[in-house]
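Chemist: fold the following for me, if possible:
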Amino acid sequence: MRVDDLINELEDMMNEAKVLPLTGGKAVIDTETVLDILDELKEAFPSEFSQAKGIVADRNQILAEAKKQAESIVRRGEEKKKALVDEHEITRTAEAQANEILTDAKKKANDIKHVANDYVEDIMKRTDETLTAMTNEIRKTRQDIKASKRG
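Modeler: Residues are numbered from 1 along each chain as shown. Take a look at the predicted model:
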């Protein structure tokens, strides 16, 4: 099961628990079932973390591909620059064009890198928020369970 499904199951258990009279809202729950669900949560978390690691790996791959493309563009620009160095007039033109190509290639590579970083940052932020929310819900559920044990 997914982490959010397990948390929903715990929440349903808490909502459906029988309230004991004269206890201020304390309820009876099946602690064995709750502990089983918590064990499943512990097992599911590494899966969520693996997904986050996969996102980081994807980011690294995107950055590597962007660097590879940038290097290819720069290499083609340099090759074009060398090919145009035959005559004096052509040389000046070639240098200007090559510099323009290099500048453009560096800008495109930088743009690709920024887009990739923004994409990965957004995914990481959403993953972080989801994991934080899940962790907070688990902590709250554990506190509720502890409180129900005391009562």
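
Chemist: how many neighbours does residue 39 have?
Modeler: Neighbour count of residue 39, defined by other C-beta atoms under 10 Å: 11. Any C-beta I mention is one placed from the backbone N, CA and C, and that applies to glycine too.

Chemist: let me see the contact set for it.
Modeler: Contacts for residue 39 were tallied using C-beta atoms under 8 Å, 6 or more residues apart in numbering; there are none.

Chemist: can I assume it sits in a helix?
Modeler: Yes - membership of residue 39 in a helix is supported by DSSP: H, G, I helix; E, B strand; the rest coil.

Chemist: per-residue pLDDT, it?
Modeler: For residue 39, the pLDDT comes out at 86.

Chemist: what do you get for the one 10 residues further on?
Modeler: Per-residue confidence (pLDDT) for residue 49: 74.

Chemist: tell me which element it falls in.
Modeler: helix 31-83 (DSSP states H and E).

Chemist: check which helix or strand the spatially most central residue of the chain maps to.
Modeler: Nearest to the geometric centre of the chain sits residue 124, at 2.9 Å (C-alpha atoms, centre = their mean). Here residue 124, judged by DSSP H and E, is contained in helix 88-150.

Chemist: surely the residue nearest to the centre of the chain touches residue 54?
Modeler: No - using C-beta atoms under 8 Å, residue 124 is not in contact with residue 54; the gap is 11.4 Å.

Chemist: report pLDDT for residue 1.
Modeler: Model confidence at residue 1, given as pLDDT, is 61.

Chemist: returning to what we had before: and the residue nearest to the centre of the chain, how far is that from residue 22?
Modeler: Between residue 124 and residue 22 the computed distance is 49 Å (C-beta to C-beta, to the nearest Å).

Chemist: which elements pack onto the helix holding residue 124?
Modeler: The contact analysis (3 or more C-beta pairs under 8 Å, 6 or more residues apart in numbering; DSSP states H and E) places helix 88-150 against helix 3-16, helix 31-83.

Chemist: among the ones you listed, which comes closest to residue 103?
Modeler: Smallest distance to residue 103 across the helices and strands packed on helix 88-150 (C-beta to C-beta): 9.2 Å, for helix 31-83.
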